[in-house]
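Visitor: coordinates only, sequence not included:
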């Protein structure tokens, strides 16, 4: 061994033994760019859509809210600590897991200030105005934040391919009306609403103009559905989504007025997985699943 190599060996060993200095990372959030000190090792997440996309990337949160409702996420977060609900965080439990980052979004966004007493917080709310683009933006941000840029790019490619397939099939399907049932109550959702991406992103022609209440939709009657006469009726069952009690969507819509619509007569009523689209809406896996459901329906 030369003198140079003998001198260099201890220095190289020391370099590999020391942790690399954390590099700051800047990502886009719901309120613009935020710079964080490095890749988080322990992240608590109070948003189903965020959990959905993180799990797709191979990132497992150390803490999540309960109940989560979303079946396909249960196994992935089985080892996570329960830290309250979306609306009422358990700050003691949250402090106990010692997160170095907390992610809020959507229903939990109002709790950002409260949980910020425990660790830094980012708001990754997805509004629904342009859901596909926002979902992909969050995917890219998480890829950057957790050093998984290549995985995020691969997922984005699969997402865009699925979106194009769904658009192609939706192009000649006629009109559609998106409704949500909550027991016997029915609301309709148009472009610009939380489910508006089904029109805006897939190109489905709205059967009728609907008031643009992004979150809650427009309360409607069965006469409204009959007059709108959609070629397709896309249904979200809130009772099923939240595992509540009450009349399900099929029972609610099974009446003489809805039966007069083209959608009902042609068997073109799609009961989408309500938990996916309502609870985890905007999550990568949620949107892929909903597009698969529509592709299957439009292909029959």
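Guide: Done, it's in. For clarity, every value in this text was computed on a predicted model and none was experimentally measured. Residues are numbered from 1 along each chain as shown.

Visitor: Tell me where the stretch 151-300 of the chain has helices.
Guide: 197-200, 222-228, 238-241, 249-253, 262-265, 274, 284-299 (DSSP state H, counting those that start in this stretch).

Visitor: Give me whichever of those helices is most buried.
Guide: Of all these, helix 197-200 has the most neighbours on average by mean count of other CB atoms under 10 Å, namely a mean of 24. (C-beta placed from N, C-alpha, C; glycine too.)

Visitor: Run through the neighbouring helices and strands of that one.
Guide: helix 131-145, strand 175-182 (3 or more CB pairs under 8 Å, 6 or more residues apart in numbering; DSSP states H and E).

Visitor: contact partners of it?
Guide: 128, 130-132, 176, 178, 190-192, 204-206, 234, 294 (CB atoms under 8 Å, 6 or more residues apart in numbering).

Visitor: Just the buried residues of the residues you listed.
Guide: By neighbour count, with 16 or more other CB atoms under 10 Å, those hold 128, 130-132, 176, 178, 190-192, 204, 206, 234, 294 as buried.

Visitor: related to what we said a few turns ago, go through the helices of the stretch 151-300 of the chain and find the least confident stretch.
Guide: For those, the weakest mean pLDDT is recorded on helix 197-200, namely a mean of 92.

Visitor: shaky segments in the stretch 151-300 of the chain?
Guide: Under the criterion pLDDT under 70, the flagged ranges of the stretch 151-300 of the chain are 212-215.

Visitor: let's go with 90 and repeat that
Guide: Within the stretch 151-300 of the chain, the segments meeting pLDDT under 90 span 172, 191-194, 209-217, 243-246, 300.

Visitor: all strands in the chain, in order from the N-terminus.
Guide: Taking DSSP state E, the strands of the chain run over residues 25-29, 32-36, 43-46, 63-64, 81-82, 101-104, 121-123, 175-182, 185-189, 205-206, 218-219, 232-237, 269-271.

Visitor: most tightly surrounded among the ones you listed?
Guide: strand 43-46 (a mean of 28).

Visitor: Show me the one of the strands of the chain that comes nearest residue 152.
Guide: When the strands of the chain are compared by CB to CB, strand 25-29 sits nearest residue 152, at 11.3 Å.

Visitor: Average pLDDT for the closest one, rounded please.
Guide: pLDDT averaged over strand 25-29 gives 96.

Visitor: So in that sheet, which strands flank that strand, and in what orientation?
Guide: Strand pairing for strand 25-29, determined by DSSP bridges: strand 32-36 (antiparallel).

Visitor: unless I'm mixing things up, residue 62 is touching residue 82, no?
Guide: No. Using CB atoms under 8 Å as the test, residue 62 is too far from residue 82 to be in contact (11.2 Å).

Visitor: one step back: tabulate the helices and strands packed on helix 197-200 (JSON lines), appending distance to residue 115.
Guide: Shown next, in JSON lines, are the helices and strands packed on helix 197-200 (distance: least, CB to CB, whole Å):
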{"stretch": "helix 131-145", "distance to residue 115": "18"}
{"stretch": "strand 175-182", "distance to residue 115": "29"}
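
Visitor: who touches stretch 71-82?
Guide: Contact with stretch 71-82 is made by 48, 51-52, 55, 60-66, 68, 90, 93, 96-97, 275-276, 280, 285, 289, as judged by CB under 8 Å, 6+ apart.

Visitor: Now, of those, which are buried?
Guide: By 16+ other CB under 10 Å, the contacts of stretch 71-82 give 48, 51-52, 55, 60-65, 68, 90, 97, 275-276, 280, 285, 289 as buried.

Visitor: Make sure residue 240 is actually in contact with residue 248.
Guide: Yes. With contact defined as CB under 8 Å, residue 240 counts as touching residue 248 (6.3 Å).

Visitor: Could you list the domains of the chain?
Guide: When the chain is parsed with automatic domain parsing, its domains come out as 20-149, 170-299.

Visitor: could those go into a markdown table alongside distance to residue 161?
Guide: Output for the domains of the chain, formatted as a markdown table (distance: least, CB to CB, whole Å):
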| stretch | distance to residue 161 |
| --- | --- |
| domain 20-149 | 13 |
| domain 170-299 | 10 |
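
Visitor: can you count the residues close to the closest residue to residue 124 other than its chain neighbours?
Guide: Counting by CB to CB, 6 or more residues apart in numbering, residue 124 lies nearest to residue 105, which is 4.4 Å off, once chain neighbours are set aside. Around residue 105 there are 24 other residues, counting by other CB atoms under 10 Å.
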